[in-house]
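Novice: starting from these lines, generate the structure:
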Amino acid sequence: VQLVESGGGLVQPGGSLKLSCAASGRIFRINRMSWYRQALGKERELVAVITRDDTTTYGDSVKGRFTASRDDAKHTGYLQINSLKPEDTAVYYCSANIVAFVGVINTDTMDYWGQGTEVTVSS
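Specialist: Numbers count the residues shown, from 1 in each chain. Down below sits the predicted model:
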């Protein structure tokens, strides 16, 4: 199983981006999907979580500006980020709790991480 993020880039303050997190492999089911970010010199921060029933929770610093969603048919999660601020500059990572096939019928559940996509907010 692999997770690949995309959609990062350079954007001006007040702008928007939509990040994607695509899972591939022998996937049976994706449970929770989470988005984190890590700014230079800072600890990794949880910004959003979306469960299988589309329940979302957000970090206080992004509430009202970030929206997590998912398309289970595509095994893809999304993070819409609006009203970007310079302090949103960070590498954004997705993590997913995935039930994957091992062998013919057996499954195993693990947390997987993507490689990150960089978001830079600057004028």
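Novice: quick one, strands of the chain?
Specialist: Applying DSSP state E to the chain gives strands spanning 2-6, 9-11, 17-24, 27-38, 45-50, 56-58, 66-71, 76-81, 90-102, 106-113, 117-121.
Novice: most packed of the ones you listed?
Specialist: With neighbours defined as mean count of other CB atoms under 10 Å, the strands of the chain peak in mean count at strand 76-81, which reaches a mean of 23. For glycine as for every other residue, the C-beta is placed from the backbone atoms N, C-alpha and C.
Novice: can I get the lowest-mean-pLDDT helix or strand in the chain in PDB, CA atoms only?
Specialist: The least trusted helix or strand in the chain, going by mean pLDDT, DSSP states H and E, turns out to be strand 106-113, with a mean of 92. Taking C-alpha atoms only, strand 106-113 is exported to PDB below (Å, rounded to 0.1, in the frame of the first residue of the first chain):
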ATOM      1  CA  ASN A 106      -6.500 -12.400   5.000                       C
ATOM      2  CA  THR A 107      -6.200  -8.700   5.900                       C
ATOM      3  CA  ASP A 108      -4.100  -6.600   8.100                       C
ATOM      4  CA  THR A 109      -4.700  -3.100   9.400                       C
ATOM      5  CA  MET A 110      -1.900  -0.500   9.500                       C
ATOM      6  CA  ASP A 111      -1.300   3.200   9.500                       C
ATOM      7  CA  TYR A 112       0.400   4.400   6.300                       C
ATOM      8  CA  TRP A 113       2.000   7.700   5.600                       C
END
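Novice: state the mean pLDDT of stretch 27-44.
Specialist: Average pLDDT, stretch 27-44: 96.
Novice: name the residues that touch it?
Specialist: Defining contact as CB atoms under 8 Å, 6 or more residues apart in numbering, one finds that stretch 27-44 is touched by 1, 19, 21, 23, 45-52, 66, 68, 70, 72, 75, 77, 79, 87-101, 107, 109, 116, 119.
Novice: is it correct that Val49 is in contact with Ala68?
Specialist: Yes. Between Val49 and Ala68 there is a contact under CB atoms under 8 Å: 7.1 Å.
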